[in-house]
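> Would you be able to build a 3D model of this:
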Amino acid sequence: MWSFTTESQFRRQRALCVSRRAGEQKYTQASYNEIVVCGIDWHSLDVIWIVLYATLWLGSR
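Have a look, this model is predicted:
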């Protein structure tokens, strides 16, 4: 549980950092790779949660 919480906090911190830098307009069209990586990472966590909940829900039936 500790490692999952730590990883979630790390992802949240990275997303906030990317959002702040985007608000300050520090990204150009040539250097938007960090935004893409952050988005992929964020949505992969969504997929993990959906699979986890579906597994727990179907396993309890």
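
> Report the buried residues of the top helix by length along the chain.
Secondary structure of the chain per DSSP state H: the longest helix is helix 33-59. Of the residues in helix 33-59, Cys38 count as buried by neighbour count, 16 or more other Cβ atoms under 10 Å. (C-beta placed from N, C-alpha, C; glycine too.)

> From the contact counts, what lies against it?
Here helix 33-59 touches helix 2-23, going by 3 or more Cβ pairs under 8 Å, 6 or more residues apart in numbering; DSSP states H and E.

> Now find how far off-centre the helix it packs on is within its chain.
Centroid displacement of helix 2-23 relative to its chain, using Cα atoms, centre = their mean, to the nearest Å, is 7 Å.

> okay, the angle between the longest helix of the chain and helix 2-23?
140 degrees (axes from the mean of the first three to the mean of the last three Cα atoms, to 10 degrees).
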